[in-house]
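S.K.: below: sequence and its predicted model.
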Amino acid sequence: MPYFSTEERDGTIIVTLTNGERNTLHPELLEEGIAALQVLAKDPPENGIVLTGAGEHFTCGMDTKIAAALDKAGQIQAAAAIDRFAAALHRLPCAVVVALNGNTIGAGGIMALAADWIIAAQGDYKIGLPEAKAGLPFPPVPQAILDHWLDPVWRRRLSLSSHLLTSVEALSAGLADELADPAQLLDHALVRVKELAAQPGFKACKRQLRAKANAEIDAILAI
């Protein structure tokens, strides 16, 4: 079973992250995700992409057990995979909506910020960037995404305190753009991504908006 399943629905591709109960991330999963995103970038769907998680979580971030078992070379490889995955998501030329269906922790927050629009399901779950608490500093590309797309005050608060937000708090912090009924989350995301994609100038505006961030990301990956 793939970690990233895809489904076409009326010109939109739904990408669903699936990995056990918590949808945690690890190098093999990230490599599969990079390949899937690169394919979508070469032939972007007319009505954009919706990214969500299977089950009760969007993603709880890196699998800490796998991360703890990595040697130095493995840690470097894992960080590089995170960089390339985040870059591939950020570079997608079409409309991208992230539908947060549950806990969105660490790398999950970066995935959300790399999208064009974030819809969070209403509910009792957490969204945040607790890398300091986990002892996993942000790799360079996620840090660049944070620098460009999260308000500086919230970037300081969340990065240094590891505080986790409710979906309502995430709306105020800029880690969500709107809330949706959990039962209607995916349908709501499909409507929103089509609305974004239908704008004649969307792709050009997205390209302009992301030019500086993409140039910074390209320089990081070139090192």
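M.R.: Done, it's in. A quick note: this is a predicted structure, and the numbers were derived from the prediction, not measured.

S.K.: how about low-confidence regions in the protein?
M.R.: Filtered on pLDDT under 70, the chain yields no residues whatsoever.

S.K.: tell me where it has helices.
M.R.: For the chain, the helices defined by DSSP state H occupy 27-42, 64-69, 72-91, 107-113, 131-134, 140-149, 152-161, 167-173, 185-198, 202-222.

S.K.: winner for burial among the ones you listed?
M.R.: helix 107-113 (a mean of 27; mean count of other CB atoms under 10 Å). Quick note: C-beta positions are derived from backbone N, CA and C, even for glycine.

S.K.: hmm, who's touching that helix?
M.R.: 25, 51, 58-62, 82, 86, 89, 98, 100, 104, 118, 127-129, 138, 142, 145-146, 149-150, 158, 175-176 (CB atoms under 8 Å, 6 or more residues apart in numbering).

S.K.: at 6 Å instead, please
M.R.: Counting contacts by CB atoms under 6 Å, 6 or more residues apart in numbering, the residues outside helix 107-113 that touch it are Leu25, Phe58, Thr59, Gly61, Met62, Ala86, Val98, Ile118, Leu129, Pro142, Ile145, Trp149.

S.K.: how about the last one, what does it touch?
M.R.: The one in question is Trp149. Contacts of Trp149 (CB under 6 Å, 6+ apart): Leu113.

S.K.: just the one 5 residues further on next, same as before
M.R.: Contacts of Trp154 were listed using CB under 6 Å, 6+ apart, and they are Ala173, Gly174.

S.K.: circling back to that earlier point, which of the helices of the chain sits closest to Glu7?
M.R.: helix 185-198 (10.1 Å; CB to CB).

S.K.: any idea of the angle that closest one forms with helix 202-222?
M.R.: Angle between the axes of helix 185-198 and helix 202-222 is 100 degrees (criterion: axes from the mean of the first three to the mean of the last three CA atoms, to 10 degrees).

S.K.: give me the contacts around helix 185-198.
M.R.: Around helix 185-198, the neighbours that count as contacts under CB under 6 Å, 6+ apart are 12, 47-48, 50, 95, 97, 99, 101, 117, 119, 121, 180, 202.

S.K.: pipe the residues you listed into TSV and attach distance to Met1 per row.
M.R.: Formatted as TSV, the contacts of helix 185-198 follow (distance: CB to CB, whole Å):
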residue	distance to Met1
Thr12	22
Asn47	26
Gly48	25
Val50	20
Ala95	27
Val97	24
Ala99	20
Asn101	18
Trp117	28
Ile119	26
Ala121	24
Ala180	27
Phe202	33
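
S.K.: identify the bridge partners of the closest residue to Lys126 other than its chain neighbours.
M.R.: Take Lys126 and drop its neighbours on the chain: the residue closest to it by CB to CB, 6 or more residues apart in numbering is Leu164, 3.8 Å away. Beta-bridge partners for Leu164, by DSSP bridges, are Gly128.

S.K.: could you measure from Leu164 over to Arg210?
M.R.: Going from Leu164 to Arg210 by CB to CB, to the nearest Å gives 27 Å.

S.K.: circling back to that earlier point, of the contacts of helix 107-113, closest to Val39?
M.R.: Using CB to CB, Ala86 is the member of the contacts of helix 107-113 that lies nearest Val39, at 17.0 Å.

S.K.: quick one: that closest one from Val153, how far?
M.R.: 22 Å.

S.K.: then Cys60?
M.R.: 26 Å.

S.K.: just Ile13 next, same as before
M.R.: 35 Å.

S.K.: and of the helices of the chain, who's closest to Glu21?
M.R.: helix 64-69 (13.4 Å).
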